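Q: Show me the folded form of this:
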Amino acid sequence: MTKTRCTDQVILDLWHPLAALSEVAAGVVVDTVLLEERLSFAIDGEGNAAVWRDRTDLPEGSPVDIATVAGKLPLKLAYGYIWTSLGNPPADLFPIPEFDEADRRKLNAATFGVNVSAPRAIENFLDMGHFPYVHTDILGAEPHTEVKEYDVEISVDRDEILATRCRFFQPMASTTSDGGADVDYIYRVPHPYCSVLYKSSPMDENRLDVIAVFLQPIDQEHVRAHMLLCVLDEDNEDKVIKRFQQTIFGQDKPILENQFPKRLPLDPRAETPIRADKSAIAYRRWLSQKGVTYGVIPAAT
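A: Model (predicted):
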């Protein structure tokens, strides 16, 4: 099937993540794909970076002086990742103020390739109902299957979706948990292809751990999912903290890849929602209001 490059200006004008800075070797070209466009990027030893459209004279792995590269694309370094845009992005990326707190562990848990659309992946990230069945004895367990009533709003001022008063029993909520507990959740969707989760921290009852998924759309039905951890954990090694989140995402991946259709239907009649799906309903409505067409099946007009 012939692929059609993205013509959705809403998506083209967004910032999109390409890679975790900590995992990019300095001074060499790295190739990737964003919205069906072949791109290259590089960082130097001083923390500077550049992104450009793929060129035959700069193959992947070749040394590069980024100061000499012509035709650079917009660039932002934020939350430990390199971001770019194929359009006219806003000056700022959505805020995650917790990232600036010095005592937090800030890690890319992993970057996963997933055969699904970005909106489908975000919708799965918002879904608490699957915890007992997909993440059994970690994020959920029978008979604790009820998704209790919670609140969802589409904020016009902040241009994001916010779900609050979310609460779910979890046998092992994080690497610092020492037993099952009711865990408080807050979900933010400040970007059509990114979501930020806040959850109770076993280390400090007055603060929240932060887990974010930043999706890089390869095309309409494939993504690279970059998983940011910004957590309070003084005890565990990086590899232990990462492995916990990798286990969770590894359980989600086959569920995501078996979704049909792979693109997210925006017509409210396309799939039957239940009360627990309030966040997903709001997300679909928000995408429709924005006029997003890439990675979705637009509602009939």
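Q: For the rest of this, base every contact and every neighbour count on C-alpha atoms.
A: OK.
Q: Quickly note the distance from the residue nearest to Leu21 when sequence neighbours are not counted to Leu93.
A: Leaving aside its sequence neighbours, Leu21 sits nearest to Tyr81 (CA to CA, 6 or more residues apart in numbering; 5.2 Å). As for Tyr81, its distance to Leu93 is 12 Å (criterion: CA to CA, to the nearest Å).
Q: quick one on the thing from earlier: surely the residue nearest to Leu21 meets Leu18?
A: Yes. Counting by CA atoms under 8 Å, Tyr81 does reach Leu18; the two are 7.1 Å apart.
Q: Which one's more surrounded, these two?
A: For Tyr81 versus Leu18, neighbours defined as other CA atoms under 10 Å are more numerous around Leu18 (26 against 20).
Q: In contact with that one, which residues are there?
A: 32, 34, 81-84, 216 (CA atoms under 8 Å, 6 or more residues apart in numbering).
Q: could you redo the last one with a cut-off of 10 Å?
A: Residues near Leu18 by CA atoms under 10 Å, 6 or more residues apart in numbering: 31-34, 39-41, 51, 81-84, 111, 214-217, 224-226.
Q: For the residue nearest to Asp103 when sequence neighbours are not counted, give me the pLDDT.
A: Nearest non-adjacent residue to Asp103, counting by CA to CA, 6+ apart: Leu232, 7.1 Å away. Leu232 carries a pLDDT value of 94.
Q: Just give me how far the longest strand anywhere in the chain sits from the chain centre.
A: In the chain, taking DSSP state E as the definition, the longest strand is strand 204-219. Taking CA atoms, centre = their mean, to the nearest Å, one finds strand 204-219 lying 7 Å from the centre of the chain it belongs to.
Q: in its sheet, what does it sit against?
A: With DSSP bridges as the test, strand 204-219 is paired with strand 194-201 (antiparallel), strand 222-231 (antiparallel).
Q: List the buried residues in that strand.
A: Buried residues in strand 204-219, counted by 16 or more other CA atoms under 10 Å: 208-219.
Q: Rebuild those residues as CSV, extending it with distance to Lys253 and pLDDT.
A: Output for the buried residues of strand 204-219, formatted as CSV (distance: CA to CA, whole Å; pLDDT from 0 to 100):
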residue, distance to Lys253, pLDDT
Leu208, 25, 94
Asp209, 23, 94
Val210, 21, 96
Ile211, 17, 94
Ala212, 16, 96
Val213, 13, 97
Phe214, 15, 98
Leu215, 14, 98
Gln216, 15, 98
Pro217, 16, 98
Ile218, 16, 98
Asp219, 17, 98
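Q: Which of those residues sits closest to Leu73?
A: Using CA to CA, Gln216 comes nearest to Leu73 of the buried residues of strand 204-219, at 15.9 Å.
Q: In contact with that closest one, which residues?
A: By CA under 10 Å, 6+ apart, Gln216 lies in contact with 15-19, 32-35, 83, 111, 113, 118, 193-194, 222-226.
Q: before we move on, what SS does the nearest residue to Ser195 once chain neighbours are set aside have?
A: Counting by CA to CA, 6+ apart, Ser195 lies nearest to Val189, which is 4.5 Å off, once chain neighbours are set aside. At Val189 the chain is in strand, as set by DSSP: H, G, I helix; E, B strand; the rest coil.
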